[in-house]
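> Whatever this is, show me its structure:
(chains A, B, C and D)
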Protein chains: 4
Amino acid sequence: MKKIRVGIIGTGFMGRTHTTAYKNVTNIFGDEVVPELVIVADVVEGAAKAFAEKYGYKRWTTDWKKVVSDPEVDLVDISVPNVYHCPIAIEAAKNKKDILCEKPLAMSADEAIEATHIVEEAGVITAMGFNYLRNPIQSYVKELIASGKLGRVVNFRGMFDQDFNNDPEQMHEWRMLKKESASGALGDLASHTISLSQYLVGDISEVCGMTQIIVHERPDPKDPSKMLPVENDDLVQFLFTYENGAMGAIFSNRLASGRKVALGYEIQMTNGCIVYNQERQNEVQIYHHDDDKRERGFKTVLIAPGHGDYGKFYGGAGIGLGYADQKTIEEYHVLKHVAERKPSEINFRFGMKVMQVIDAVLESAATHKWVSIEKVK
Amino acid sequence: MKKIRVGIIGTGFMGRTHTTAYKNVTNIFGDEVVPELVIVADVVEGAAKAFAEKYGYKRWTTDWKKVVSDPEVDLVDISVPNVYHCPIAIEAAKNKKDILCEKPLAMSADEAIEATHIVEEAGVITAMGFNYLRNPIQSYVKELIASGKLGRVVNFRGMFDQDFNNDPEQMHEWRMLKKESASGALGDLASHTISLSQYLVGDISEVCGMTQIIVHERPDPKDPSKMLPVENDDLVQFLFTYENGAMGAIFSNRLASGRKVALGYEIQMTNGCIVYNQERQNEVQIYHHDDDKRERGFKTVLIAPGHGDYGKFYGGAGIGLGYADQKTIEEYHVLKHVAERKPSEINFRFGMKVMQVIDAVLESAATHKWVSIEKVK
Amino acid sequence: MKKIRVGIIGTGFMGRTHTTAYKNVTNIFGDEVVPELVIVADVVEGAAKAFAEKYGYKRWTTDWKKVVSDPEVDLVDISVPNVYHCPIAIEAAKNKKDILCEKPLAMSADEAIEATHIVEEAGVITAMGFNYLRNPIQSYVKELIASGKLGRVVNFRGMFDQDFNNDPEQMHEWRMLKKESASGALGDLASHTISLSQYLVGDISEVCGMTQIIVHERPDPKDPSKMLPVENDDLVQFLFTYENGAMGAIFSNRLASGRKVALGYEIQMTNGCIVYNQERQNEVQIYHHDDDKRERGFKTVLIAPGHGDYGKFYGGAGIGLGYADQKTIEEYHVLKHVAERKPSEINFRFGMKVMQVIDAVLESAATHKWVSIEKVK
Amino acid sequence: MKKIRVGIIGTGFMGRTHTTAYKNVTNIFGDEVVPELVIVADVVEGAAKAFAEKYGYKRWTTDWKKVVSDPEVDLVDISVPNVYHCPIAIEAAKNKKDILCEKPLAMSADEAIEATHIVEEAGVITAMGFNYLRNPIQSYVKELIASGKLGRVVNFRGMFDQDFNNDPEQMHEWRMLKKESASGALGDLASHTISLSQYLVGDISEVCGMTQIIVHERPDPKDPSKMLPVENDDLVQFLFTYENGAMGAIFSNRLASGRKVALGYEIQMTNGCIVYNQERQNEVQIYHHDDDKRERGFKTVLIAPGHGDYGKFYGGAGIGLGYADQKTIEEYHVLKHVAERKPSEINFRFGMKVMQVIDAVLESAATHKWVSIEKVK
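This next block holds a predicted model:
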C-alpha cells in the first residue's frame, strides 16, 4: 500500500467528479494505492470550505498557491477553467509536485509547449484528464491495433457531435468568445477525438480544415433581451495525415441535432475494422477479414473482463460502466504512476500534441491551406 | 437534512455494492437524506472487522442479531444468502427496524407471504433490492405506459439470458442444488424480468411454464474429477395472463450463448411499443403509432434529464449510467422512504408477488398445467 | 435445358407474383429449367383474359378444371383463396399433375392430411409457397445448424408481428371470420414462423397456447356505419416442444404497433446463437461461443455468395434481395424438382405439419391445456 | 399508354440489368409507358444474337452506329464501358435520339461538359444511370429536406466503402490503370456519394482532397506470376463546400474491410438529422429536434407507401426492395420523361457536375490545395 496525498484546485463539476473518483479508487482497485485528501482550493471561500467538509479534505484555502506549495501534497489536481491550467501547472512543477490536469492543457500550442518543457525538466509525473481514453474498451482497441491482427491502419474517421446547444434561443456562454476559448467545437469536443486518434493510431503531422459558425448570436444570460456574438466554430471538419502515412478526418458539430455524446470513430485497417461510439460506451464493433467467408460481419463486442481494467469492476461481461467509472480508472492510474514514478502515456506531452493539432486546424481554416505540425523535442 | 442510521448484514459483493452506494448518495442527491454507517455483521470475524475499517462503519459484529436489535440502527440492510432473508427480516420487524432486503425475498411463496404479513403488521418500511427497476429509463417507461399515450398493453415479452455458465466444464455451484435454490434460471434471472413485468404492467394472475436442465452435471469445485448433479432449471419459458387481461411470456436461459445481461422486454401496446435491453441500459426503443404515416419508426431514445433521477447525475442526455449508479438511486430512495415514513412501491409485498409467480411456474412445469395465482390479502 | 409447362389458377397478387417470378427464373438461373406459360384460370373472365395477354399465357379459362386436366400442363400453380387449395390440389393429383400450392395448405389439419395422402399416393411432385424459407440466408442458417458448429438447439423463440390492422377504424376483412379463416394471426402470420421453425429445427410434438381478440368489431367495408364482429385471434402466443427435445415459443400479433414484417427468430444453441428478422432480410446475426474470449459478440452477417442461391444474383455481398427475389428462387426450385422428379423438402407433407401445429394451438387455447401432435404416416 | 422503342448498346451486367428492368416496368407501374425492345448491339456477334433471342429484342447488330441511327428507335440505352459513353451519346443526340447513359458520363469533366452542351443543343431527353438515387427512400429524403421541417443542412458526411478488393492477392483489373480509369475509388464508388450529395443538398463549389494507393501492385490475371501496378486511388477523402454555404466531406475506400455496399450519409441539419446506408437499403434514420424532450431519438423508418414509388410495389411498409427494383424504377422514369418530353433531374448536366467534382478532387490531391469548381452555363 502506498499513500498519495492529494491537493485539488477547483470545486466545480470536475472537482467533484475527481474527488468522488478518488474515493472510489480503493473500492474497485483495492489498497495498492490510496489517495489521501489533503487540501482543496477555491477562490470562493464558502465553496472551498463546504467542499472540504463534504468530501473530507483536511484543509481548505482560497489561494491555489498554498496548494502547490503545501509540503504535505504529492499530487496537484488542476480542475479549474482552462486559462489557469498552465500557470498552476508550472508553479506546481517548480515545487516538484506531480500533476493531474484537466484537458485542454493550454490556451494555445505555444503555451502547451512551454509548460511541457518545464514539467519535463522538473522531472515530475504528469497526467491529463482525457477520461474517454480510460474506457477499458479503448485499452482493448489499442492492444488490438498494436497486435497487428487487423493489419495496419489506413483510415481513421472520427467525430464528436453534441446537440446541447441546438436551440438558437439557448443562452450565450463564455466558451463562445475567442478570448476565453480560442476555438469552439474544435477545442471543446474534437479535442477528445484528436486524443483518441493519437492515442490509438499515432501522431498527426499535417492538417487541412474548415470551420463554421451556425448560430451567430445568442441571448446574453444576464439580459436575454440583448444578443452576444458567437465568435468561434460551432462546426469543424478537417482532413489529416499521420506520421505513419495513414489518412484521417475528424468532425465536430456542437449543434448536431440528435447527437448527445457522439464521440466515436471508424478505424479502417488493411485486414479489419473497428467502430466505436461513446453513446454506447459499453460496446465496440470489430470486423476480422480473416473470418470464414460466409460469416464475415461486424461483431458487437460487449465490454468484458480482459478489456483493460473492466475485470476489476465486474466478473461478467456487459454489466456496464458509466461515465463516472472512467474517472475512477483515470485517477487510479494517475495515483499508480505517481506511486511508481513511472511516466503516464497520457501526459503533458500528449496533451501538448493535441493542442498542436487544434492550433494547426485553426490556422488551416484561416489560411485555407494545408498546415504542417512541427515535431517538438 | 435527515440522518438515517444503517446496520448492514453481509460483506460480500452486495454488502460492498450497497455500502459504496450509501457513500455516493449525497454526492448525487445532496444532503436531503444522509446515511450514517453504524454497524456491520459477518459470520467471519476478519471480514466484518476489515469491512468496518475500510468503509467507516463505527462497529462490527459476527452476530446479525446484534444489528437488528441495535438501538442506534434505523435501517437494517440484508445482504446475505437467500435462506437468511426472511428470518432476519422477521427479527428486524419485531425490533421495529425498517428493512432493505436483497432479492429474492424468500425461499418460497409461502415464506414470502408469512414475512410480508409480519412486516406489514409491524408497520415498518420495507424495500427490495431489485436494482434494475431503479434505472431511470424504467421510471420513464412506467410513466409513459401510465400516461395512456401508447394505448393499453396487450402483450409483454420478456427475458433474462446470460451465458456465464455456458461451458459445461464450468464448476458446479450451490445455486444449482434444489435445497439451496428451489429454482435455477427462474429464480436467479427471470425473477428480475417478472419484477419488471409486474412493476410496469401489473400483477400476473395465471401461468403455464416449462423448464429444462441442459447440462446435467458439472465438476465439483472441491474435486473437479468428480461430477455433481445440476438439479434445477438451466432454461425456463412460461406464458402468463395479467389481472388486467393482457397476455405475456417470459424466458430465461442461464446458458444462453452470446447473452451477457440480456434482461429485456418488448411491450406491445394498442398504440405503440416499447423495447428495452439491459445490455444497452442507457437507451430505450419507443414507437408511437400516431406519428406521421411516412415517418413511423422505432426511436432510439438515450437516457436524458426528465427520465427518473438521471438529471441528478448529469445535465445532458446520453452521458451514461452504469450498474453501480442504479444501486445509488435505489439506496437514495430507500433512505427517503424511511425518512418520510412512506411505503415504497418495491416493498416486501412486491417481492412476495414475484415469489408467487416463481412458485406457480415451478408447479406448472411439474404438473404440465396452467396454475392460478391466489390474491393474498 | 428442360421445359416445364405451367398452368396457373388465380390472377390476384399471388398469381402476378408467381408469374413475374417464372419470367425472371432464366434471367437469374440460366436455361437449366425453363417455364412455359400455358394457361391461366380466373372465375372473372375479363381478369383471366387480360392476365393471359399481359403476361403471355397461351390460353385462358374461367374454369380451373380445364387447367388441372390440360394435357399440355406439367405444373399446376394454385394461387387462389385458401378454401380452394385442397379441392384443386386433389383434382390436379388425380390428373397426375405436379403442384405448387400457396400456403396454407388447407382449412384444417384433417383436410391437409387427406390431401397429403392423396398427392403422395398419386406420386406427383408437390411444393408449398412458403417464400420466406427461400431467402438464401435461411439456406445458410439451416446448413449452419446442421453443421453442429454451434452445438444443438435448446430454445427457439419466434414471431411474426405486423401492424397493418393497427387502427380500430380499419375495415373488417373476410379473414377475420371463423368460417372463412379458422384462425387469424395464427394461420395468417404465425404459420410462417412455424414453417421456419420446423424447416430449421425439426418437428413440433406438443403445444400450449392462448389467443386474444384485441379489436372486437370493425366497420363493414360495404357499409362503414355498421360493425362486423372479429371472430378470430388478433394475438396468439404458444409454447412448444420439438420431437428432438428442444423447447420453443412463437408469438404473433396482427395489431403489433411498429412491426411491419417482423417475422423472425432467436435460435439459442449450446455453443452459439442465431438471430433473424425479415425486416432486415439481407442480414443475420450469428454468435460463436468458440470465438476468442475478449472478442465474443453477435456478428451482423450480410447476405453473401455462398448463402444458398444468392451468388446467382450478385457476385458481391450485401447488394440486397427484395421480396420478389424470394419468389424467383422458389419458382426455380419448384421447376427443378419437377424437372428432376425429386421431392421438395417444402412439400405438402411439410405444409400438413404446419397445419397440425395450427390446429393444436387452437385446441390448446380452447381447452386451456397442453395438446400433443399425432405423428401422421 | 405510350410505347417507347428502345435500342440498347452493351450486353454485359448492365445491359442485362436494364433489360430485365424494362421487362418489369409494366408489372409494377401498369401500362402508362410501355418499352418496346427493338435492337441490341454488341461488338461480339454471338453475344448480341444470344441476347436478342433471350430477351426478345427484334434485331441485333455488332455496330452501335446502327442503333443510334435506327429510325425505329426512340431511346438509346448506353450500357458499355465508360470510354464509349460520350462518343455514342453525341452521335445519338445528332440523330435526335433520347438517351439513357450509365454512369459516369465521361472520362473527364471536359468531355462531360462538351457532351452536355451537345445534347442540350440537340434538345433530346437525357438520363443517367445513378440507380441508387432511385431508391424510394431517397425520394422521401429529398422531399423531407426540401420541406424545411428539419431546418437547413449544415453538414453532409458521406461515403462509399467496399471490400471486394480487400485481398492483395486479388487480380489486377483494368479499372486500376489511369488511362482506362482516371480515378479509382473516387470515380467508381465516391461518384455515387457525390451524386447523392448533389441530388439531396445542392451543387458543390469547392473541394480539398487526398488520395492513397494501399496495394501498389496486383497479379496480372493473364499471368498471375507477374505483377501489374495499381495506378489510381484505393482510398480517397475530401472536404467540400456547397454553393448554399453548407460544408461536407466524402470518403471512399475500395479496400474497406467489412464494408460491402456501404454507400451512405449523415446529413446534419439545424433542426434534425438523416442517416442512410445502402447496406440497409429499406430503412432510413430520421431525427426531429422538435420531438418531446424526453423522447428525442433517431427513428428507424422502414420503407413505406408514401416514399416515392414504393407503393407501386407493395401496399404495406417494410416488405423490402432489392437492387434490381431500383433499376425498374429508374427505367420507368426514363421512359416517362421520354413519353412526356420532360427533362429529368438526373440528366447529363447532373452527370457533368459529378464529373466536375471528381476532376477537382484529383487536381486538389495532386496540388495539395483547395480547388474551385467553375459554374458551367
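> Tell me which other helices or strands the helix or strand containing A:Ala89 touches.
According to DSSP states H and E, A:Ala89 maps onto helix A:85-94. Under the contact criterion of 3 or more C-beta pairs under 8 Å, 6 or more residues apart in numbering or on different chains; DSSP states H and E, helix A:85-94 touches helix A:64-68, strand A:75-78, strand A:98-101, helix A:109-122. Where you see a C-beta, it was placed from the backbone N, CA and C, and this is true even at glycine.
> what does the following helix or strand past the longest one contact?
Read it as helix A:109-122. Once helix A:109-122 ends, the next helix or strand along the chain (criterion: DSSP H and E) is strand A:126-128. Strand A:126-128 is contacted by residues A:89, A:98-103, A:105, A:119, A:195, A:330, A:333-334, A:337, A:344, A:346-348, A:350-351 when judged by C-beta atoms under 8 Å, 6 or more residues apart in numbering or on different chains.
> switch the cut-off to 6 Å
A:Ile99, A:Leu100, A:Cys101, A:Lys103, A:Val119, A:Val334, A:Ser344, A:Ile346, A:Asn347, A:Phe348, A:Gly351 (C-beta atoms under 6 Å, 6 or more residues apart in numbering or on different chains).
> isn't the first one right up against A:Glu91?
No: assessed by C-beta atoms under 6 Å, A:Ile99 is found out of contact with A:Glu91, at 10.1 Å.
> Would you tell me which of the helices and strands packed on helix A:85-94 gets closest to chain D?
Of all those, it is helix A:109-122 that lies closest to chain D, at 22.1 Å by C-beta to the nearest C-beta.
> if we can go back for a sec, now render the contacts of strand A:126-128 as a markdown table, adding pLDDT, distance to D:Thr270 and neighbour count.
Converted to a markdown table, the contacts of strand A:126-128 look like this (pLDDT from 0 to 100; distance: C-beta to C-beta, whole Å; neighbours: other C-beta atoms under 10 Å in any protein chain shown):
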| residue | pLDDT | distance to D:Thr270 | neighbour count |
| --- | --- | --- | --- |
| A:Ile99 | 98 | 41 | 27 |
| A:Leu100 | 98 | 38 | 26 |
| A:Cys101 | 98 | 35 | 28 |
| A:Lys103 | 94 | 29 | 23 |
| A:Val119 | 98 | 43 | 26 |
| A:Val334 | 98 | 40 | 31 |
| A:Ser344 | 91 | 41 | 20 |
| A:Ile346 | 97 | 36 | 23 |
| A:Asn347 | 98 | 40 | 21 |
| A:Phe348 | 98 | 38 | 29 |
| A:Gly351 | 98 | 33 | 28 |
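> of all those, which two lie farthest apart?
A:Lys103 and A:Val119 (15.2 Å; C-beta to C-beta).
> quick one, phi/psi of the residue lying farthest from the centre of chain A?
Relative to the centre of chain A, the most outlying C-alpha is that of A:Arg294, 40.0 Å out, by C-alpha atoms, centre = their mean. Per-residue torsions, A:Arg294: phi -90, psi 0 (degrees, to the nearest 10).
> so what pLDDT did it get?
As predicted, A:Arg294 sits at a pLDDT of 95.
> surely it meets C:Gly306?
Yes: counting by C-beta under 6 Å, A:Arg294 does reach C:Gly306; the two are 4.2 Å apart.
> Show me the contact partners of stretch A:156-168.
A:189-190, A:192-193, A:197, A:201, A:215, A:248-257, A:259, A:262-263, A:265-267, B:316, D:289.
> Near chain D, which residues of the stretch 101-250 of chain A are found?
A:Val154, A:Asn155, A:Asn166, A:Cys208, A:Gln212, A:Ile214, A:Leu235, A:Gln237, A:Leu239, A:Met247, A:Ala249 (C-beta under 6 Å from any C-beta of the partner chain).
> What count of nearby residues applies to A:Lys342?
10 (other C-beta atoms under 10 Å in any protein chain shown).
> And the helix or strand where A:Thr19 lies, what does it pack against?
Element membership of A:Thr19, judged by DSSP H and E, is helix A:13-29. Under the contact criterion of 3 or more C-beta pairs under 6 Å, 6 or more residues apart in numbering or on different chains; DSSP states H and E, helix A:13-29 touches helix A:310-313, helix A:323-340.
> could you redo the last one with a cut-off of 7 Å?
strand A:2-9, strand A:33-41, helix A:310-313, helix A:323-340 (3 or more C-beta pairs under 7 Å, 6 or more residues apart in numbering or on different chains; DSSP states H and E).
> do you know which of these lies nearest chain B?
The nearest among the helices and strands packed on helix A:13-29, by C-beta to the nearest C-beta, is helix A:323-340 at 4.9 Å.
> residues making contact with that closest one?
The contact list for helix A:323-340 (C-beta atoms under 7 Å, 6 or more residues apart in numbering or on different chains) reads A:2, A:4, A:17-18, A:20-22, A:24-25, A:28-29, A:33, A:35, A:74-75, A:98, A:100, A:125, A:127, A:129, A:131-132, A:134-135, A:309, A:313, A:343-344, B:319-320, B:322.
> What separation do you get for A:Gly315 and B:Lys260?
Distance of A:Gly315 to B:Lys260, given as C-beta to C-beta, to the nearest Å: 12 Å.
> In terms of neighbours, single out the busier of those two.
B:Lys260 (23 against 11).
> Surely the more buried one forms part of a helix?
No: B:Lys260 is assigned coil when assessed by DSSP: H, G, I helix; E, B strand; the rest coil, not a helix.
> In contact with it, which residues?
Contact partners of B:Lys260, counting by C-beta under 7 Å, 6+ apart, are A:Leu302, A:Gly316, A:Ala317, A:Gly318, B:Gln162, B:Asp163, B:Glu279.
> Pipe those residues into CSV and attach pLDDT per row.
What follows is those, written out as CSV (pLDDT from 0 to 100):
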residue, pLDDT
A:Leu302, 98
A:Gly316, 95
A:Ala317, 96
A:Gly318, 96
B:Gln162, 98
B:Asp163, 97
B:Glu279, 98
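> Which one of the residues you listed sits in the busiest neighbourhood?
Result: A:Ala317 is most packed of the contacts of B:Lys260 (other C-beta under 10 Å), 27 neighbours.
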